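Trainee: What follows is a predicted structure for the sequence shown.
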Amino acid sequence: QTERSLVLVKPDGYRRGLTGEVLRRIEAKGYALTALAVLTPTREQLAAHYAEHEGKPFYEPLLEFMSSGPVAAAVVEGHGCIAGFRSLAGATDPTAAAPGTIRGDLGRDWGTSVQQNIVHGSDSPESAAREIDIWFPGLG
Ligand code: CMP
């Protein structure tokens, strides 16, 4: 089933020049990039995006990190692309992520890598619609 996912190349990935590599892997898998933008997120955008994590110990540091510089935001479209992109991304912690995945191959920043894990991808069709509307108003 054709789905959409909201993918972010987080500030660590953008800063390290990994945007092209992440987008290359998405296209190589056969998914389409139907919207693309580079922007420095506002606190409001991040509070909306990470609303489910409010109150958790990593919430404030996460907002601080995510607003520290530009991110690349993309709408990815394709058959099963929500699970498919999460599979491309690998486990949240790059130390645990399998070789061949974005985080397994490219994860760095030992110690902070659960936060600075290069990419974000939506975890359900409902999250995707909600997140796409935050990063690309009107498209969600
Ligand atoms: P993401 O998919 O963007 O969704 C929530 C983010 O919170 C996650 O990726 C990580 O960047 C971050 N995160 C999740 N768990 C932790 C944790 N235990 N410590 C720090 N950051 C975390």
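Mentor: Yep, that arrived.
Trainee: which ones are touching the residue nearest to the spatial centre of the chain?
Mentor: When C-alpha atoms, centre = their mean is applied to the chain, the residue found nearest the centroid is His120 (1.9 Å). With contact taken as C-beta atoms under 8 Å, 6 or more residues apart in numbering, His120 is in contact with Leu6, Val7, Leu8, Lys10. No exception for glycine: its C-beta is placed from N, CA and C like everyone else's.
Trainee: Please convert those residues to a markdown table, extending it with secondary structure, pLDDT and distance to Glu131.
Mentor: Formatted as a markdown table, the contacts of His120 follow (DSSP: H, G, I helix; E, B strand; the rest coil; pLDDT from 0 to 100; distance: C-beta to C-beta, whole Å):
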| residue | secondary structure | pLDDT | distance to Glu131 |
| --- | --- | --- | --- |
| Leu6 | strand | 98 | 4 |
| Val7 | strand | 99 | 9 |
| Leu8 | strand | 98 | 9 |
| Lys10 | coil | 98 | 14 |
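Trainee: check those against the ligand, which are close?
Mentor: Checking the contacts of His120 against the ligand by C-beta under 6 Å from any ligand atom, not one of them is in range.
Trainee: Please check these and keep the buried ones.
Mentor: Using 16 or more other C-beta atoms under 10 Å as the burial test, the contacts of His120 include Leu6, Val7, Leu8, Lys10 as buried.
Trainee: What values do phi and psi take at the last one?
Mentor: With angles defined as degrees, to the nearest 10, Lys10 sits at phi -70, psi 170.
Trainee: Leaving out chain neighbours, which residue sits closest to Ala98?
Mentor: Spatially, and ignoring its direct neighbours in sequence, Ala98 is nearest to Gly104 (4.8 Å; C-beta to C-beta, 6 or more residues apart in numbering).
Trainee: Isn't that neighbour up against Pro94?
Mentor: Yes: with contact defined as C-beta atoms under 8 Å, Gly104 counts as touching Pro94 (6.7 Å).
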